[in-house]
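Undergrad: next come a sequence and a model predicted from it.
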Amino acid sequence: MESMRRTPVDDLLGFRFAPRIRDLADKRIYVLEKGSAYPAFAGLVGGMLSVRLIAISLERDPAVAVVVVRLIRVRIAKADDQLQLCRADNG
């Protein structure tokens, strides 16, 4: 995360904050809707998630469901912390 560090001098010098995803061309994202709903990301969409299959899998093993929910909460919290940090840097 060193590359995401900003200083107030960055704004004075005219630098824009533009985080990048390393090896973006090699990554694929999976969406809940058809890929055509995201034309700007057409090259990145790897397929659709099957919510029904995910729900069936989680119903079979409730312990796994608890772990998955906790992991999602942790990731959302980290993403929110990073977003708040970026907002603070951008003033």
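TA: Received it, and whenever you're ready, just let me know what you need.
Undergrad: quick one: contacts for the residue most central in space within the chain?
TA: With distances taken as Cα atoms, centre = their mean, the residue of the chain nearest its centroid is residue 79 (7.4 Å). By Cβ atoms under 8 Å, 6 or more residues apart in numbering, the contact set of residue 79 is empty. For the C-beta atoms, the positions are set from N, CA and C on the backbone; glycine is no exception.
Undergrad: quick one: what helix or strand has it in it?
TA: helix 62-90 (DSSP states H and E).
Undergrad: then residue 57?
TA: helix 51-60.
Undergrad: in that helix, what counts as buried?
TA: For helix 51-60, burial by neighbour count (16 or more other Cβ atoms under 10 Å) applies to residue 58.
Undergrad: list the contacts of it.
TA: Against helix 51-60 from outside (Cβ under 8 Å, 6+ apart): 32, 64-65, 68.
Undergrad: and for residue 30, the neighbour number?
TA: Summarising burial for residue 30: neighbours were counted as other Cβ atoms under 10 Å, giving 12.
Undergrad: beta partners of it?
TA: residue 47 (DSSP bridges).
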